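> sequence plus predicted model, see below.
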Amino acid sequence: MQQRAGSPGKGVEMKLIIAAIKPFKLEEVREALTELGVSGLMVTEIKGFGAQAGHTEIYRGAEYEVNFVPKVKLEIVVPSDLADQVVETITKTARTGKIGDGKIFVLDVAQAVRVRTGETNQDAL
């Protein structure tokens, strides 16, 4: 049975893209995504570590280890057919070629609802 567009269920495919990037790349990535047609995204300041693990800094003459590195987390829900382009755009725009450029994860979204209007799924994006 085919689902109507806008109704909850398996007929509508959306993807949640979660990207952790370097903070100074945020505006450049946002501009590139806007040009691609992404109409909204959520941004959170986060701290984490991966391959770069952390580093040592000196503050007021004392040396201390920073175990978590500041990052920015982007959360973007897009129609499935746009997901690969969004991932490619983030990858290309956020890349510096140095360790700690970030990670991108893509997940399936079962349902989306716009709180103000009650629109669902792709209509809610």
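Thanks, I have it.
> which outside residues touch the one helix or strand residue 20 maps to?
Per DSSP states H and E, residue 20 falls inside strand 14-21. For strand 14-21, contacts defined as Cβ atoms under 8 Å, 6 or more residues apart in numbering pick out 29, 46, 48, 71-80, 83, 86-87, 90, 94, 101-109, 112, 121-122, 125. (Glycine included, C-beta is placed from N, CA and C.)
> neighbouring strands for it, and are they parallel or not?
strand 69-79 (antiparallel), strand 102-109 (antiparallel) (DSSP bridges).
> show me what residue 75 bridges to in the sheet.
As for beta bridges, residue 75 partners with residue 18, residue 42 under DSSP bridges.
> follow-up on the earlier one: and the strand holding residue 20, average pLDDT?
Strand 14-21 carries an average pLDDT of 97.
> can you give me the buried ones in it?
Applying a neighbour-count criterion of 16 or more other Cβ atoms under 10 Å, one finds 14-15, 17, 19-21 buried in strand 14-21.
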